[in-house]
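Peer 1: okay, sequence plus prediction incoming.
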Amino acid sequence: MNEKFEEIIKNVIKHTKQKQMTEEEYRYISSFLMDKNLLVFGTGYDSDLWRYANRNGRTVFLEHNSKWITNLEDTYHITYTSNLRRDKHKLLEQYKNGVTANFEIDLPNQIKNNSWDVIIIDSPEGGKKKYYHGRMQSIYSAKILAHSETDIFVHDCDRYVEDKYSDEMFSTFVTQLTKLRHYKK
């Protein structure tokens, strides 16, 4: 990339203490950016990295936690209705049986009516806390919003939902780096 990119990525790694994506994962995704229509599920310390890596394109974030929304120009507040503990197995069975109503998120028309080149799924939280939403709805939404050439990146594929839902909903697996998987629709 360039000197500014190197500065941003070092700052991200410093702030996240490598508890988010690895430097290799950030660099891999960034190699697909520059002038794309990029949709990111989740904001955080790496938001400026995505904005810069895609500086000649359009970058939009979807965030459910209002504490993480710092830029109203490119970030939309959304609401998840799922619960990781309660829904992770049930929703996958429903999907396999063609029932998708419980996956739907109320998305703005600016999101639904756009052709996304790249989608990054790194939200909502998916850990073990009982109130976490899990990424079932964001993975499903990415499937609906993607077209056949969309590059889809799912982070934390070492976890059940990210692993099982991604494999079920995306038809073409491209590669995996640490906990990041790259798919095509």
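Peer 2: Ah, there it is. Residues are numbered from 1 along each chain as shown.
Peer 1: residues in contact with the residue most central in space within the chain?
Peer 2: Per CA atoms, centre = their mean, the C-alpha nearest to the average position across the chain is that of Ile121, at 1.3 Å. Contact analysis of Ile121 by CB atoms under 8 Å, 6 or more residues apart in numbering lists 41-42, 135, 138-139, 142, 152-155, 162. Heads up, the C-betas are built off the backbone N, CA and C, glycines and all.
Peer 1: next, format these as CSV and append secondary structure, neighbour count and distance to Glu23.
Peer 2: Below are the contacts of Ile121 laid out as CSV (DSSP: H, G, I helix; E, B strand; the rest coil; neighbours: other CB atoms under 10 Å; distance: CB to CB, whole Å):
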residue, secondary structure, neighbour count, distance to Glu23
Phe41, strand, 25, 21
Gly42, coil, 23, 18
Arg135, coil, 30, 23
Ser138, helix, 30, 24
Ile139, helix, 25, 24
Ala142, helix, 26, 24
Ile152, strand, 25, 21
Phe153, strand, 24, 15
Val154, strand, 28, 18
His155, strand, 23, 14
Glu162, helix, 24, 20
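Peer 1: for stretch 45-56, measure first residue to last.
Peer 2: 20 Å (CA to CA, to the nearest Å).
Peer 1: my error: substitute stretch 29-47 in the last question.
Peer 2: 13 Å.
Peer 1: flag every buried residue along that stretch.
Peer 2: Neighbour counts over stretch 29-47 (16 or more other CB atoms under 10 Å) mark 29-30, 32-33, 36-44, 46-47 as buried.
Peer 1: which one of those residues is nearest to Lys14?
Peer 2: Distance to Lys14 across the buried residues of stretch 29-47 (CB to CB) is lowest for Asp46, with 11.7 Å.
Peer 1: what residues are up against the closest one?
Peer 2: Going by CB under 8 Å, 6+ apart, Asp46 touches 12, 16, 20-21, 26, 122.
Peer 1: quick one: contacts for Gln94?
Peer 2: When contacts are counted by CB under 8 Å, 6+ apart, Gln94 touches 100, 102.
Peer 1: quick check: the gap between the residue nearest to the centre of the chain and Lys14.
Peer 2: 24 Å (CB to CB, to the nearest Å).
Peer 1: before we move on, the earlier item: so which of the buried residues of stretch 29-47 belong to strands?
Peer 2: Of the buried residues of stretch 29-47, the ones assigned to strands by DSSP state E are 37-41.
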